[in-house]
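Student: Please find the sequence and the predicted model below.
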Amino acid sequence: MAADLSALGVRAGDTILLHSSLRAVGWVCGGPAAVVHAFLDVLGDRGTLAVFAQTSDNRDPSRWSHRPVPEEWWPVIRDHLPGFDPAISDCRAMGLVAETVRTWPGAVRSAHPQTSFVAIGARAADLMAVHDLESELGESSPLAALEAADARTLLLGVGYDRCTALHLAEYRLPWQRRRPNRCVVLGPAGRRWLDYQGMELNADDFPVIGAELERGNGSVVKGAVGGAAARFLRIREAVAYAVTWMSEHRRPPGTG
């Protein structure tokens with residue numbers, strides 16, 4: 001796996017935001033821990049590996065669109081849903097590799113109760129330091145910090161619909177629409193629901209954006225790691241392209 005990553009263009013000292021499907025990679029001797037080891041072997045002491053550690057169930061059960069539950073369960077869930085704890089709350093919905101990074105010795109997690117990131121390596125603490133509640137994937141989040149650090153994103157066995165970096169472009173559109181959101185947090189007074197205004201995000205057109213980015217930009221490197229197709233691209237370039245594309249193809253709210 002380390003040889004495949006090197007052939008793809010991963011280098012010592014790089015900062016990488018990884019989205020992955022272990023199933024697509026195929027059988028790996030050592031499982032997800034071996035995958036993480038392969039990245040760390042290539043990145044070396046100066047490199048950093050980050051993953052999206054979203055806790056998608058930490059929201060009101062009425063908004064559990066990915067796995068809805070009966071409405072009569074909602075009051076019980078609201079009373080008992082555990083509060084977000086960076087050290088304990090899992091991110092298994094993001095895949096086995098992401099969950100392995102979360103539990104890796106020395107891993108640093110950002111503080112957002114719904115859209116956290118986790119990183120290991122030389123720049124982990126700096127990249128994870130700022131994550132404002134109302135900037136889920138925006139300018140005051142690790143995603144913007146990764147862009148500023150000229151990080152790359154690696155889509156390993158997954159498509160552009162999983163390319164979290166493109167959400168940063170949505171925050172930079174001339175128009176923005178907020179929506180109410182709520183999550184459970186832990187504080188000095190114990191567990192409580194916290195209401196805030198999040199951004200209305202939509203990844204439906206990300207596959208089209210990614211395909212057009214590949215056709216018009218030679219910086220997207222394509223290859224294979226294990227049995228998985230891989231795409232390796234600079235976050236900065238992807239976000240800039242997406243801002244232009246969305247500004248031309250998306251309509252402002254209320255315009256039909």
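Tutor: Arrived safely.

Student: And residue 208, how far from residue 9?
Tutor: As judged by Cβ to Cβ, to the nearest Å, residue 208 and residue 9 stand 25 Å apart. Any C-beta I mention is one placed from the backbone N, CA and C, and that applies to glycine too.

Student: now do residue 97
Tutor: 19 Å.

Student: Settle it for me: which of those two has more neighbours?
Tutor: residue 97 (25 against 13; other Cβ atoms under 10 Å).

Student: Which pLDDT value does the model give that one?
Tutor: Residue 97 carries a pLDDT value of 98.

Student: Would you agree residue 133 is in contact with residue 196?
Tutor: Yes: with contact defined as Cβ atoms under 8 Å, residue 133 reaches residue 196; the gap is 5.0 Å.

Student: Comparing these two, which residue is more hemmed in?
Tutor: Neighbour count, other Cβ under 10 Å: between residue 133 and residue 196, residue 133 has more, with 18 against 15.

Student: Wasn't that one part of a strand?
Tutor: No: judged by DSSP: H, G, I helix; E, B strand; the rest coil, residue 133 forms no part of a strand; its state is coil.

Student: how about it, what does it touch?
Tutor: By Cβ atoms under 8 Å, 6 or more residues apart in numbering, the contact set of residue 133 is 112-113, 194, 196.

Student: now residue 153
Tutor: Residue 153 touches 16-19, 163-165, 232-233, 235, 238, counting by Cβ under 8 Å, 6+ apart.

Student: With residue 34 instead?
Tutor: Contacts of residue 34 by Cβ under 8 Å, 6+ apart are 1, 28.

Student: now swap in residue 235 and tell me
Tutor: 17, 143, 146-147, 150-153, 165, 168.

Student: Scan the residues you listed and report the most crowded one.
Tutor: Busiest of these [other Cβ under 10 Å] is residue 143, holding 31 neighbours.

Student: Regarding that residue, what is its secondary structure?
Tutor: Going by three-state DSSP: residue 143 is helix.

Student: which ones are touching it?
Tutor: Here residue 143 is in contact with 17, 117, 137, 164-165, 167-168, 235 (Cβ under 8 Å, 6+ apart).

Student: any chance you could map the helices in the chain?
Tutor: 2-8, 22-25, 31-43, 74-80, 96-102, 124-128, 142-148, 165-170, 206-216, 235-249 (DSSP state H).

Student: What is the second one packed up against?
Tutor: With contacts defined as 3 or more Cβ pairs under 8 Å, 6 or more residues apart in numbering; DSSP states H and E, the secondary structure elements packing on helix 22-25 are helix 31-43, strand 228-234.

Student: what is the mean pLDDT for the first one?
Tutor: So the one you mean is helix 31-43. 98.

Student: Only C-alpha atoms, please: export it in PDB.
Tutor: The C-alpha coordinates for helix 31-43 follow below in PDB (Å, rounded to 0.1, in the frame of the first residue of the first chain):
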ATOM      1  CA  GLY A  31      -7.100  -4.300   8.300                       C
ATOM      2  CA  PRO A  32      -7.600  -0.600   8.800                       C
ATOM      3  CA  ALA A  33      -4.600  -0.200  11.100                       C
ATOM      4  CA  ALA A  34      -2.400  -1.400   8.300                       C
ATOM      5  CA  VAL A  35      -3.900   1.200   6.000                       C
ATOM      6  CA  VAL A  36      -3.100   4.000   8.500                       C
ATOM      7  CA  HIS A  37       0.400   2.600   9.000                       C
ATOM      8  CA  ALA A  38       0.900   2.800   5.200                       C
ATOM      9  CA  PHE A  39       0.000   6.400   5.100                       C
ATOM     10  CA  LEU A  40       2.200   7.300   8.100                       C
ATOM     11  CA  ASP A  41       5.100   5.400   6.600                       C
ATOM     12  CA  VAL A  42       4.900   7.500   3.500                       C
ATOM     13  CA  LEU A  43       4.100  10.800   5.200                       C
END
